[in-house]
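**Student:** Give me a model of this one.
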Amino acid sequence: MAHTDSDGENARAFLDSLRRGDLSALLLHAHIQLSKVKGRDGEMNTVVAVYTPEPFAEALSNLPVHDRKRIAQAALSRRNEQDPASNIHVVP
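**Tutor:** Okay, the predicted model is just below:
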């Protein structure tokens, strides 16, 4: 999977459509990278990496699990993924 700025834009639009402007705002300065990695079980898993400066990185890292999952879902909202990501990996 290639990194595109449109993944971040799509994620923000998806979150805005859910009236989650609070989460959308945290992604304003972020770049999102989607990739596949082989898990312990041998299955390919989708990883959503969010590259963002502080203090956004800290705020994203401290979100509850359900909000982190929602951001992962938003990042994949325009892609046809069979294995949706269940979390995000925040990189400051």
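**Student:** Show me the contact partners of stretch 9-16.
**Tutor:** 21, 23-24, 27-28, 32, 70-71, 73-75, 77-78 (Cβ atoms under 8 Å, 6 or more residues apart in numbering). The C-beta positions use only the backbone N, C-alpha and C, and glycine is treated the same way.
**Student:** shaky segments in the chain?
**Tutor:** For the chain, applying pLDDT under 70 flags the ranges 1-5, 80-84.
**Student:** Checking the residue nearest to the spatial centre of the chain next. Helix, strand or coil?
**Tutor:** Centroid-nearest residue in the chain: residue 72, 3.7 Å away (criterion: Cα atoms, centre = their mean). Of the three states, residue 72 takes helix under DSSP: H, G, I helix; E, B strand; the rest coil.
**Student:** so who does it touch?
**Tutor:** With the criterion set at Cβ under 8 Å, 6+ apart, residue 72 makes contact with 48, 84-88.
**Student:** Sort out for me which of these are in strands.
**Tutor:** Under the assignment DSSP state E, these contribute 48, 88 to strands.
**Student:** Let me have the contacts of residue 72 in a markdown table, adding distance to residue 62 and neighbour count as columns.
**Tutor:** Below are the contacts of residue 72 laid out as a markdown table (distance: Cβ to Cβ, whole Å; neighbours: other Cβ atoms under 10 Å):
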| residue | distance to residue 62 | neighbour count |
| --- | --- | --- |
| 48 | 17 | 25 |
| 84 | 22 | 15 |
| 85 | 19 | 21 |
| 86 | 18 | 13 |
| 87 | 13 | 12 |
| 88 | 12 | 26 |
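**Student:** Need the contacts of residue 72 in CSV (columns: distance to residue 36).
**Tutor:** Formatted as CSV, the contacts of residue 72 follow (distance: Cβ to Cβ, whole Å):
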residue, distance to residue 36
48, 11
84, 12
85, 10
86, 14
87, 15
88, 15
